[in-house]
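**Q** coords below, sequence missing:
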């Protein structure tokens, strides 16, 4: 079954609500200014996997399904995510994302900076609609952690001495933190107990780390067609991720110079990128990475067993398997 | 009396609280990351005039002085302002601000983008501490308006056909909006009635426009020593402000080409900038600009007469005169 078909089946119960969130997102992202609308529409047209919205809604449904509040909350999370992507693409000097030109490539860095700020601003209005100050604090902590994560990534780019611990800290801040916040936020709005809220937060963090590890593995093993960007995109940008960290730990000589040159090349050639990608994907590093992803996935599953069984809980369990099995 | 001495006298009653706000600002802007702390400390070391904080506190004092809530509110406003400046300096490719290097000049655009985002994120936590959803919405609207204002400025840079109306719209979004929000926010937290809140919002908007017009006049009439940047800074950056708009309206020939060349020069020479500055400051445009600033100041004053007389109201009145008379 294709990834899309699997997700459609998993999200069948919440599909109508996912569409309402989509429409509300488009409405709330719009501005009085044409250029801002065009840039926002352009950014939105690169569809994410709606993972964050689904997790927010499902985490709410586990307790009491208060869609009126989950709606602005989901839109706020998606908008935060989009704002982060828009700014990340400036920082990475990325020209395309999922096959379409980035906002910075199409409208320039200046518009992209301001569009990100505008989207951040709009989240504050959405958060106000949730009317729960725990959600305000969750948002503030999340965005602060994510921007700190981006700084860490920036400062350790091109460094070959990055440890697995450091990688996990970066992943936690850059990806898992927001996914954890979706689950935590959903549980807060759903009226979960403090213990249940903490549990769902943990579930999201573990799922988020597994998700990112798989993403980083796919950057070595996927084809351009399946992942929407050429393989080796991370190393091309000087980003040292888990497969490369493991591969470098296993092989102390012969490859160090080659990788160092690639990481520091002004404009890496496709051949040089492909050579390192081929090497890494032929080592045990891929299996080791998948093993670590499975460990986080298992932790996420174990946490869910502490909640009462329900259809929604079952979807959250299957979502873990989906994240591990996805091909793009 | 110097500007600083005048402000010290005006703010004597709230001076201890201004210092508490300063300290809290520094505490809340700090991060777990050295580079972020360094960049934030660097940005903070360029001291603003504390106008926003003073207006927030004074607007609260007019009604009921709830410093516990005004403290996070003031810090949030100053932090929003700082985040905006940090991103503006990237967009303007500014190398210095008030005589010290900008964050982008010192740490690069990438760190500056993320520092701005981090500061925006921190405001959400401060807003949560105020615990009033009207304040959430005020913030969201304000930051969205300010970023739209920056886009408008960007899109109309170097254009000589900018009308006074367009200029005022830009000033409203870029400067007055946040000053209005400080006064409105203070009145909300102070427990003002809806009518009093709206009145203080209007006071701030009018004061803010007068403030920015004077700023733009000083960019033509001030010396580098008094305004902390070389005169003609705006036109050097392609920004057409009120004095130039009036001067161009009065003089239909002879100068159009000269100004057009300057606005479109790759790197304008000091001589060319100085020539246009000398021309504009020798025309009636300066007087006309000051007249318009005085009109907004009068409106701000008229609004205050609708409130009960008090020492705090008197300070707000004198602040209007200060804004008109300031020399930097």
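**A** Cool, got the structure. Just so you know, these numbers come straight off a predicted model, no measurement behind them. Numbers count the residues shown, from 1 in each chain, chains lettered A, B, ... in the order given.
**Q** And the pLDDT for residue A:226?
**A** What the model reports for residue A:226 is a pLDDT of 62.
**Q** And for the one 3 residues further on?
**A** We note a pLDDT of 63 for residue A:229 in this prediction.
**Q** same check, this time on residue A:172
**A** So, for residue A:172, pLDDT stands at 96.
**Q** Residue A:91 now?
**A** At residue A:91, the pLDDT recorded in the model is 92.
**Q** How many neighbouring residues does the closest residue to it other than its chain neighbours have?
**A** Once flanking residues are discounted, residue A:91 sits nearest to residue B:110: 4.7 Å by Cβ to Cβ, 6 or more residues apart in numbering or on different chains. For glycine as for every other residue, the C-beta is placed from the backbone atoms N, C-alpha and C. Neighbours of residue B:110 under the rule other Cβ atoms under 10 Å in any protein chain shown: 21.
**Q** Does residue B:110 lie in a helix or a strand, and which?
**A** helix B:109-130 (DSSP states H and E).
**Q** can you pull the buried residues of that helix?
**A** For helix B:109-130, a neighbour-count test (16 or more other Cβ atoms under 10 Å in any protein chain shown) marks B:109-130 as buried.
**Q** still on that earlier bit, just to check, the residue nearest to residue A:91 is in contact with residue A:93?
**A** No. Checked against Cβ atoms under 8 Å, the pair residue B:110 and residue A:93 is beyond contact range at 9.3 Å.
**Q** quick one: the helix or strand where residue A:199 lies to chain centroid distance?
**A** In the assignment (DSSP H and E), residue A:199 maps to helix A:194-221. Taking the mean of its C-alpha atoms, helix A:194-221 sits 9 Å from the chain's own mean (Cα atoms, centre = their mean, to the nearest Å).
**Q** Just give the number of residues close to residue A:271.
**A** 7.
**Q** Helix or strand next in line after whichever helix or strand it is part of, which one?
**A** Element membership of residue A:271 [criterion: DSSP H and E] is helix A:270-281. Once helix A:270-281 ends, the next helix or strand along the chain (criterion: DSSP H and E) is helix A:285-304.
**Q** List the buried residues for that next one?
**A** So, applying 16+ other Cβ under 10 Å, buried residues of helix A:285-304: A:285-286, A:288-290, A:292-293, A:296-297, A:299-301, A:303-304.
**Q** before we move on, back to that, what residues of the helix holding residue A:271 count as buried?
**A** So helix A:270-281, judged by 16+ other Cβ under 10 Å, has buried residues A:272, A:273, A:275, A:276, A:277, A:279, A:280, A:281.
**Q** Pull the contacting residues for the last one.
**A** I take that to be residue A:281. A:220, A:221, A:243 (Cβ atoms under 8 Å, 6 or more residues apart in numbering or on different chains).
**Q** What's the separation between the second one and residue A:174?
**A** Spelled out, it's residue A:221. Distance, residue A:221 to residue A:174, by Cβ to Cβ, to the nearest Å: 21 Å.
**Q** higher neighbour count, these two?
**A** Counted by other Cβ under 10 Å, residue A:221 and residue A:174 do not tie: residue A:174 has more neighbours, with 21 against 18.
**Q** ok, the more buried one touching residue A:212?
**A** Yes. Using Cβ under 8 Å, residue A:174 makes contact with residue A:212 at a distance of 7.4 Å.
**Q** ok, which stretches of chain A are strands?
**A** Assignment of strands within chain A using DSSP state E yields the ranges A:96-97, A:100-101.
**Q** Among those strands, pick out the one with the most neighbours on average.
**A** Per-stretch averages of neighbours, counted by mean count of other Cβ atoms under 10 Å in any protein chain shown, single out strand A:96-97 among the strands of chain A, with a mean of 18.
**Q** what's that one packed up against?
**A** Using 3 or more Cβ pairs under 8 Å, 6 or more residues apart in numbering or on different chains; DSSP states H and E as the contact test, no helix or strand touches strand A:96-97.
**Q** any idea how far it is from the chain center?
**A** Distance, centroid of strand A:96-97 to centroid of chain: 15 Å (Cα atoms, centre = their mean).
**Q** repeat for stretch A:82-96
**A** On Cα atoms, centre = their mean, the centre of stretch A:82-96 falls 13 Å from the chain's centre.
**Q** got it, and stretch A:85-101?
**A** 14 Å.
**Q** Give me the buried positions along it.
**A** Under 16+ other Cβ under 10 Å, the buried positions of stretch A:85-101 are A:85, A:86, A:87, A:88, A:89, A:90, A:91, A:92, A:94, A:96, A:97.
**Q** separation between residue A:182 and residue B:169?
**A** Distance from residue A:182 to residue B:169, by Cβ to Cβ: 38 Å.
**Q** same question, residue A:163
**A** Taken as Cβ to Cβ, the span from residue A:163 to residue B:169 is 53 Å.
**Q** Help me confirm that residue A:55 comes into contact with residue A:185.
**A** No. Assessed by Cβ under 8 Å, residue A:55 is found out of contact with residue A:185, at 9.3 Å.
**Q** which one of these two has more residues nearby?
**A** residue A:185 (33 against 29).
**Q** How confident is the prediction for the more buried one, by pLDDT?
**A** Model confidence at residue A:185, given as pLDDT, is 98.
**Q** That one: what's it in contact with?
**A** A:56, A:59, A:73, A:77, A:135, A:138.
**Q** My guess is the fourth one contacts residue A:51. True?
**A** So that's residue A:77. No. Under the criterion of Cβ under 8 Å, residue A:77 makes no contact with residue A:51, lying 10.2 Å away.
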